[in-house]
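In: Give me a 3D structure for the following:
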Amino acid sequence: MGKTLVIAEKPSVAQDIVRALTPVAGKFDKHDEYFESEAYVVTSAVGHLVEIQAPEDFDVKRGKWSFAHLPVIPPYFDLKPVDKTKSRLNAVVKLAKRKDVTDLVNACDAGREGELIFRLIEQYAFGGDEAPAAGKKSAAARKPVRRLWLQSMTPQAIRDGFDQLRSDQQMAGLASAARSRSEADWLVGINGTRAMTAFNSRDGGFFLTTVGRVQTPTLAVVVEREEQIRKFVSRDYWEIHATFQAQAGEYPARWFDPAWKKHPEDAELKADRLWTQAQAQAIADAVRGKPATVTEESKPTTQAAPALFDLTSLQREANGRFGYSAKTTLALAQSLYERHKALTYPRTDSKHLPEDYLATVKQTMGMLSASGMNHLAPFAQQALDNGYVKPTKRVFDNSKVSDHFAIIPTLQAPSGLSDAEQRLYDLVVRRFLSVFFPSAEYLVTTRISQVESHSFRTQGKVLVKPGWLAIWGKEADTGDAADESSKTLVPVQAGEKPLAQAVEARGLKTRPPARYSEATLLGAMETAGKNIEDEELRDAMQEKGLGTPATRAAIIEGLISEKYMLREGRELIPTAKAFQLMTLLRGLGVEELSRPELTGEWEYKLAQMEHGKLSRDAFMREIAEMTERIVRKAKEYDRDTVPGDYATLKTPCPNCGGVVKENYRRYTCAGRTGTGEDACGFSFTKIPAGRAFELQEVEQFLRDKKIGPLEGFRSKAGWPFTAEITLKYSEDDRNWKLEFDFGDEADPSETGELVDFSAQQPLGPCPKCGARVFEFGKNYVCERAVPTPQQATPSCDFKSGQIILQQPVEREQMAKLLATGKTDLLDKFVSMRTRRPFKAFLAWDAEAGKVNFAFEPRESKFPPRKGAAGRFGAAAKAAAKAVPAKKAAVAKKAAAPAKKAAAPKAARKTGPGLQPSPALAAVVGNEPVARTEVIKKLWDYIKAHGLQDSANKRAINADAKLQAVFGKPQVTMFELAGLVGKHLS
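Out: Numbering: from 1, shown residues only. As a prediction, this is how the structure comes out:
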């Protein structure tokens, strides 16, 4: 009898499936990479194990950033394993090819991405229809596939899912959309990024300019809003506020024009605004102290609860209430779904439930009423007692349910939630309860007070029945008129004429639109950039949004990591690099990459494809044509600059005092006239070493003639680095030039120049010799490590950089290290090897005699195995203490042979170092040495012999000894580690 291989997306889901199937499928045996029973083999991916790539014949290895090799549109895509998870892929493929495995079940997450993860693994294992005929494997090798579609991770939901497995044919549309999305992103991302990078790097250097099918239109939305804010011209206006005295007390009112109509082109014009102070003051003076004729209208209104959460609305609400980023909210919701089984599938775009879900909702209400959530359980019981759960289309509507339904609580009450998880779960439960409760009822009173032909309006809104608002802590307004918090208006008797007692004309200013927060940007992405607050209109636009609910958080995070946006508090602020990109796309006429509406159309077409209403070939042809057009426009653009809205700087030219203006590539002097006719030739690039200047940075740079250290620069080889930038006067050119300053000041121990620290405050004691530590150049040094008036010959070598792997080390942190031995946790280090950021402490390593990294202790993600506590836990230690000394001695003696036998498996002992080759030994000596010490000794040798290139401080000129090590006359500092490694064994 054949077995069914079940492939989940993550190991934790595979474990959940095994637990759910055990009662019906029998016992599972655990192996390293899988579980196995008589009928099933259950394994998992670890997210994406395979990714697409251009086939060898169409791949560009060298010169890929050149227009000569663009566009890259391969006729098909090859697959390549993801390096980090290659062993996992091999294990899954091996299981899939087992002879006793007769069919496969795709148990990856129920969505487009989960479908792609499985399909690529299957194609990698068996070949498939995506490869060309010549590269196809036998179609017979492919095994039948069925789809497990889970909305909830409870054991019963998993068993129900296995009872209702979907056929491969049913999933064909989703598979096509998944592949098309992946390939479209590759085509637009690779070609767009290479084309824009090639364009921006035409004048030398390397300015990486990433673009994407979804990320760039999203950025366009943020940049457009920032442009509106920058161009906004505030206007003065006045409002007239009055306080009327009635017999029963006072009430406030505001002047308005009853004949006013909304202006189609000027949204700032409003019924209660006046645009001249004189007019406002005249009205205030005219009505002050005069009696008013009062008319009043009261009418009841209702407010229904908002719809159930989909992922985007949950992210928006959590951002607004708790300040959680979209990424954080998604991670919390995923944990509540996957780990705690407390929420249904979170990556959904639906706010409705299936029509046959009524009974499940009632069961969920029962679970909540009996839960330990004392603040919400009574409301769940109230819903059951009063029959609030009814089959309304507002909640239960099959036509509004896509592959997934709204996010609601499951039948499983959670325990052991973190504070953040509890907050989010509480939020979902409240929204779930609210949607079934009656609407809130208000009494809205509008009072018009007429004085000398001028109208003043007052509104009072009283909550009569809280309905669903009771779940959120709102109560009916029962306060009397004297209660200031009550919104009830004081009564005015029939025929009474209250006096306009205090009347004031208040001067105000119009305000620019607010910057996007994550909550408002998610809303804009949902409607393809259209600022729609109405819930129903938003739902109508939802299918044409930017990205999908599951990808929007990653898109925002990607824009921040690429330095296109900054997150300041809850605001998202576009950088100079973002404006540069938008200027380029507009100047080249590449609307395809900057128009949110068009990308919204693509998402809509992918949704159509999922439902079998659009062919994959037609969609991909359209993407290929668009890609060719983007590359062609960038390649054929032949003007010197790109038209755009450029700034004029406030700081004058340092050379002639003229006006400095911005163009696409440079900041350049336009002369005192500003026309360029009398320009002195001063200019500098806007993007030195791939990092774009912010406007305020440029002003500071021109004013102070230096700035930094700044992060985000990249070498020509693509390596990140941090540096200061200075303006230095060149006698040859008779002008100022931009230069990088890497802090390579002359070593005073070699020049003999004495260093005076008398004007400085010491940071603390040197950990090597106890003398004082001061700032010196770009380092912190011991006063005995440099020549000083007190000690001409250095006797200590303590030195630590003020910037280490792009992480600035502030004075306070170095002082803390000197006082306590360790800094705070610093989070901006960037690995030279992987180029990835990491967090670490800086700590004094007495054994190595230098400052080293120290890392946070990491707790295991997995609970200890059974028996582990007995071996390593507190119980074992207690038991050891209880053993009598004699028995302990016997046990120790008996254990000795075993310990000796186990010696070869003990942790590897650190040796004295690595043996340098003869060529390297000629520079650093013949003794075994650690790799880090080799680099240090090399640098000492390089500095001692003045081998840093005078024109390019990052280049090293080889003398006879180094020529034998490097194998060439010159290398860059970034090549050192790689070259030295070949000479160590």
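In: burial count for the nearest residue to F232 once chain neighbours are set aside?
Out: Spatial nearest neighbour of F232, excluding adjacent residues (C-beta to C-beta, 6 or more residues apart in numbering): P512 at 3.6 Å. No exception for glycine: its C-beta is placed from N, CA and C like everyone else's. Residues within reach of P512, counting by other C-beta atoms under 10 Å, total 14.
In: Kindly report the same for A267.
Out: Neighbour count of A267, defined by other C-beta under 10 Å: 10.
In: again with A500
Out: 23.
In: Ok, the one 5 residues further on next?
Out: By other C-beta under 10 Å, the residues close to A505 number 19.
In: can you check L710 too?
Out: So L710, with other C-beta under 10 Å, has 18 neighbours.
In: Same check on D733?
Out: 11.
In: Could you list the low-pLDDT ranges of the stretch 201-350 of the chain?
Out: 205 (pLDDT under 70).
In: In contact with S176, which residues?
Out: M609, E610, R616 (C-beta atoms under 8 Å, 6 or more residues apart in numbering).
In: Which helix or strand contains it?
Out: Per DSSP states H and E: S176 is located in helix 172-200.
In: For whichever helix or strand comes after that helix, name the packing helices and strands.
Out: Once the chain leaves helix 172-200, the next helix or strand it forms, by DSSP H and E, is helix 215-231. In terms of contacts (3 or more C-beta pairs under 8 Å, 6 or more residues apart in numbering; DSSP states H and E), helix 215-231 is packed against helix 518-526, helix 552-561, strand 571-574, helix 576-588, helix 596-610.
In: which residues make contact with helix 215-231 from outside it?
Out: Contacts for helix 215-231 (C-beta under 8 Å, 6+ apart): 192, 512-513, 515-516, 521, 524-525, 528-529, 546-547, 555-556, 558-559, 564-565, 572-574, 578-579, 581-582, 585, 593-596, 598-599, 645.
In: ok, and for the helix or strand just after that helix, which residues are buried?
Out: Moving toward the C-terminus from helix 215-231, the next helix or strand (DSSP H and E) is strand 236-246. Applying a neighbour-count criterion of 16 or more other C-beta atoms under 10 Å, one finds Y237, W238, E239, I240, H241, A242, F244, A246 buried in strand 236-246.
In: nearest residue to the third one other than its sequence neighbours?
Out: Of all residues beyond its chain neighbours, the one nearest E239 is R506 (5.1 Å), with distances taken as C-beta to C-beta, 6+ apart.
In: Surely the one you found is in contact with A242?
Out: No: between R506 and A242 there is no contact under C-beta atoms under 8 Å: 11.0 Å.
In: Local confidence estimate at the nearest residue to A195 once chain neighbours are set aside?
Out: Closest residue to A195 apart from its sequence neighbours, by C-beta to C-beta, 6+ apart: A634 at 4.3 Å. Per-residue confidence (pLDDT) for A634: 91.
In: Packing partners of the one helix or strand A634 maps to?
Out: Assigned by DSSP H and E, A634 belongs to helix 616-636. If you count contacts as 3+ C-beta pairs under 8 Å, 6+ apart, helix 616-636 packs onto helix 172-200, helix 596-610.
In: weakest of those by average pLDDT?
Out: Minimum mean pLDDT among those: helix 596-610, a mean of 83.
In: hmm, who's touching that one?
Out: So helix 596-610 is contacted by 112, 173-174, 176-177, 180-181, 184, 213-214, 217-218, 220-221, 403, 524-525, 528-529, 541, 543-548, 591-592, 614-616, 619, 623 (C-beta under 8 Å, 6+ apart).
In: returning to that earlier point: can you list the buried residues of strand 236-246 in TSV and add distance to A919?
Out: As requested, those are exported to TSV (distance: C-beta to C-beta, whole Å):
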residue	distance to A919
Y237	79
W238	83
E239	83
I240	88
H241	86
A242	92
F244	96
A246	100
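In: closest to A307 among those residues?
Out: Of all these, A307 sits closest to E239, with 35.7 Å by C-beta to C-beta.
In: Output whichever strand or helix holds K828 as CSV, restricted to C-alpha atoms.
Out: Using DSSP H and E, K828 maps to strand 826-830. The C-alpha coordinates for strand 826-830 follow below in CSV (Å, rounded to 0.1, in the frame of the first residue of the first chain):
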residue,chain,number,x,y,z
LEU,A,826,24.3,48.4,19.8
ASP,A,827,22.2,47.6,16.7
LYS,A,828,23.8,49.1,13.6
PHE,A,829,26.8,46.9,13.0
VAL,A,830,27.1,45.6,9.4
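In: Just give the nearest non-adjacent residue to the most centrally placed residue in the chain, would you?
Out: For the chain, the residue nearest the mean C-alpha position is E557 (1.8 Å; C-alpha atoms, centre = their mean). Of all residues not flanking E557 in the chain, K327 sits nearest, at 5.2 Å (C-beta to C-beta, 6+ apart).
In: is it fair to say the one you found lies in a strand?
Out: No: judged by DSSP: H, G, I helix; E, B strand; the rest coil, K327 forms no part of a strand; its state is helix.
In: wait, what's in contact with H404?
Out: A110, G111, Q151, T344, Y345, R347, T348, D349, S350.
In: What's the per-residue pLDDT of it here?
Out: 84.
In: Dump the helices and strands packed on helix 215-231 into TSV; add distance to A54 as well.
Out: Shown next, in TSV, are the helices and strands packed on helix 215-231 (distance: least, C-beta to C-beta, whole Å):
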stretch	distance to A54
helix 518-526	29
helix 552-561	22
strand 571-574	32
helix 576-588	24
helix 596-610	21
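In: Pick the most deeply packed of those.
Out: helix 518-526 (a mean of 24; mean count of other C-beta atoms under 10 Å).
In: Name all residues that make contact with the residue nearest to F232.
Out: Q228, I229, F232, S234.
In: Q459 and K261: what is the separation?
Out: Noted for Q459: a distance of 20 Å to K261, by C-beta to C-beta, to the nearest Å.
In: Looking at the two, which is more packed in?
Out: Q459 (12 against 8).
In: Local confidence estimate at the residue nearest to the more buried one when sequence neighbours are not counted?
Out: Counting by C-beta to C-beta, 6+ apart, T446 is the residue found nearest to Q459 once chain neighbours are left out, at 5.5 Å. Reported pLDDT at T446 in the predicted model: 94.
In: Understood, closing this out.
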